[in-house]
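**Student:** Sequence below, structure please.
(4 chains)
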2 protein chains.
Amino acid sequence: MARTQGSHSDITGPRIRRAALRLFARHGFAAVSMRQIAGEVGVQAGALYNYTPDKQTLLFELMRDHMDALLAARAAEAARAGRDPMARLENFTRHHIRFHIERPDEVFIAYMELRNLAPENFAEIERLRHAYEDELETILRNGVAAGDFAVPDPRVATYAVIAMLTGVNTWYRAGGRLSLSEVETLYWDMVRKAVAA
Amino acid sequence: MARTQGSHSDITGPRIRRAALRLFARHGFAAVSMRQIAGEVGVQAGALYNYTPDKQTLLFELMRDHMDALLAARAAEAARAGRDPMARLENFTRHHIRFHIERPDEVFIAYMELRNLAPENFAEIERLRHAYEDELETILRNGVAAGDFAVPDPRVATYAVIAMLTGVNTWYRAGGRLSLSEVETLYWDMVRKAVAA
DNA sequence: GTTTTAACTGAACGTGCGTTCATATCAAAC
DNA sequence: GTTTGATATGAACGCACGTTCAGTTAAAAC
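**Tutor:** Residues are numbered from 1 along each chain as shown, chains lettered A, B, ... in the order given. Presented below is the predicted three-dimensional model:
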């Protein structure tokens, strides 16, 4: 085994994933060629195949890694938020905005490129997304049971809240009129009122 | 001038636009070839160029026609809604859901394929989208002035409400658990409460 | 200093792309 | 029945695609 240290593989691999992420988000999966990705990294197209079996798997792994990171981050945050439904909902709201704003390319791809996934890869990403949505639905159901929230249909409210929060990514730009924490507060006000008892 | 009536052009033209709409929505603009569109219509690829100068213009005109239809439908609806901010907001909310659910392919394309537009075409679509958003922002500002709404930032609330409403398209399916008018009412409840004074 | 082998090159494979255009078709116009 | 021209064909253009692979490079191992 030669060159286990000093090897380029632990440098080139992440560089390929970063370049693919950026280019897929900018131009779309179908519009980006393996040669473009390779060019961004500074290697020939053939070299990419030391790091991914094919273009489809490269896309899938970017999406799966993003969803894994989202679920891991939520598990860590949820542990800090306690059990009170109102506190958990505020924690979910603020964390969703912050996490998604920090990863615009990943979020864009995770929403836009689902149709370019092979069926089994699509099913896996959908499973992870569902797991994320389920936490919010549970928070809403618990809040209804506790009399804190008036939500006639927790599943629909889950879709509505997540769509509203993810929408921040379409317009927010760092350095704009509002700070991120101001945006968090504006959205939390709307979420809180929308589900209020 | 021969064959001005009985000509195929008034049949083939719409069929091309319908096929392109369907295929762009299913697979994405970049992943659909002119030969695929032609195949769906039952002509050769070259025949498409009697109806569009190029693939890019075909996409742009689908998006522009959709936005024109949206603005025209809003103008007609708004005229019926009167001047009361609460009534106008309810009208906007229900109409947005209904109009968008009836046109899933157009909506999908209008959101996902913006990055495939040439800069001048992108600017035009953005202009039309802005005009649509402006109506909602005006409703919110009028409601705040009248004391009906408590909305600290009408621009952000506009983004939030539209993202939430458009999100219906990602999950609603006709014949499912909820009727469209039930969905309208669930969303209207959330919108009403979120902006309530 | 020789051997080993991970990492990468560069050319090639077959395929499909958007677009053009000379030619064919055929219903309407006269 | 002849002319006209809108409509469509089908072949061709040059180019780029995803992927493969025999060969080259060079750092680590001994």
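
**Student:** Residues touching stretch A:62-82, excluding its own?
**Tutor:** A:17, A:20-21, A:24, A:87-88, A:91-92, A:95, A:99, A:103, A:106-107, A:109-110, A:113, A:117, A:121, A:124-125, A:128-129, A:131-132, A:135 (C-beta atoms under 8 Å, 6 or more residues apart in numbering or on different chains). Heads up, the C-betas are built off the backbone N, CA and C, glycines and all.

**Student:** Find the residue closest to the residue nearest the centre of chain A in space, skipping its chain neighbours.
**Tutor:** The centre of chain A sits closest to A:Val107, judged by C-alpha atoms, centre = their mean, with a distance of 4.5 Å. In space, and not counting its chain neighbours, A:Val107 is closest to A:His100: 5.0 Å by C-beta to C-beta, 6 or more residues apart in numbering or on different chains.

**Student:** so which helix or strand takes in the one you found?
**Tutor:** helix A:85-101 (DSSP states H and E).

**Student:** For A:Phe60, which non-adjacent residue is closest in space?
**Tutor:** Using C-beta to C-beta, 6+ apart, the closest residue to A:Phe60 is A:Asn121 (4.2 Å).

**Student:** In what element of secondary structure is that neighbour found?
**Tutor:** Counting by DSSP H and E, A:Asn121 is part of helix A:119-145.

**Student:** is any part of that helix close to DNA strand D?
**Tutor:** No - using C-beta under 7 Å from any atom of the strand, helix A:119-145 stays clear of DNA strand D, with a minimum separation of 13.1 Å.

**Student:** Could you list every helix and strand that that helix packs against?
**Tutor:** Judged by 3 or more C-beta pairs under 8 Å, 6 or more residues apart in numbering or on different chains; DSSP states H and E, helix A:119-145 is in contact with helix A:55-80, helix A:85-101, helix A:154-166.

**Student:** mind listing what the residue nearest to A:Val107 touches?
**Tutor:** A:Val107, A:Leu165, A:Thr166, A:Val168, A:Asn169.

**Student:** A:Val168 is in contact with the first one, correct?
**Tutor:** No - distance between A:Val107 and A:Val168: 9.9 Å, which falls outside the contact criterion (C-beta atoms under 8 Å).

**Student:** Any stretches of chain A with poor pLDDT?
**Tutor:** By pLDDT under 70, the weakly predicted segments of chain A are A:1-7, A:9.

**Student:** go with 80
**Tutor:** Across chain A, the ranges flagged by pLDDT under 80 are A:1-10.

**Student:** Domain-wise, how is it divided?
**Tutor:** A:8-52, A:54-195 (automatic domain parsing).

**Student:** Measure how far the longest one is from the centre of its chain, please.
**Tutor:** To tie it back to what came earlier, the one meant is domain A:54-195. 8 Å (C-alpha atoms, centre = their mean, to the nearest Å).

**Student:** what do you get for the shortest one?
**Tutor:** Its chain's C-alpha centre lies 20 Å from the corresponding centre of domain A:8-52 when counted by C-alpha atoms, centre = their mean.

**Student:** Start and end of it, how far apart?
**Tutor:** One end of domain A:8-52 sits 15 Å from the other (C-alpha to C-alpha, to the nearest Å).

**Student:** now do stretch A:40-59
**Tutor:** First residue to last in stretch A:40-59 (C-alpha to C-alpha) measures 16 Å.

**Student:** now check it, is it near DNA strand C?
**Tutor:** Yes - under the criterion of C-beta under 7 Å from any atom of the strand, stretch A:40-59 makes contact with DNA strand C via A:Gly42, A:Val43, A:Gln44, A:Ala45, A:Gly46, A:Ala47, A:Asn50.

**Student:** Look up phi and psi at the second one.
**Tutor:** Torsion angles at A:Val43 (phi, psi; degrees, to the nearest 10) stand at phi -130, psi 170.

**Student:** sorry, back to before: filter the contacts of stretch A:62-82 down to the buried ones.
**Tutor:** Buried members of the contacts of stretch A:62-82, counted by 16 or more other C-beta atoms under 10 Å in any protein chain shown: A:17, A:20-21, A:24, A:88, A:91-92, A:95, A:99, A:103, A:106-107, A:109-110, A:113, A:117, A:121, A:124-125, A:128-129, A:132, A:135.
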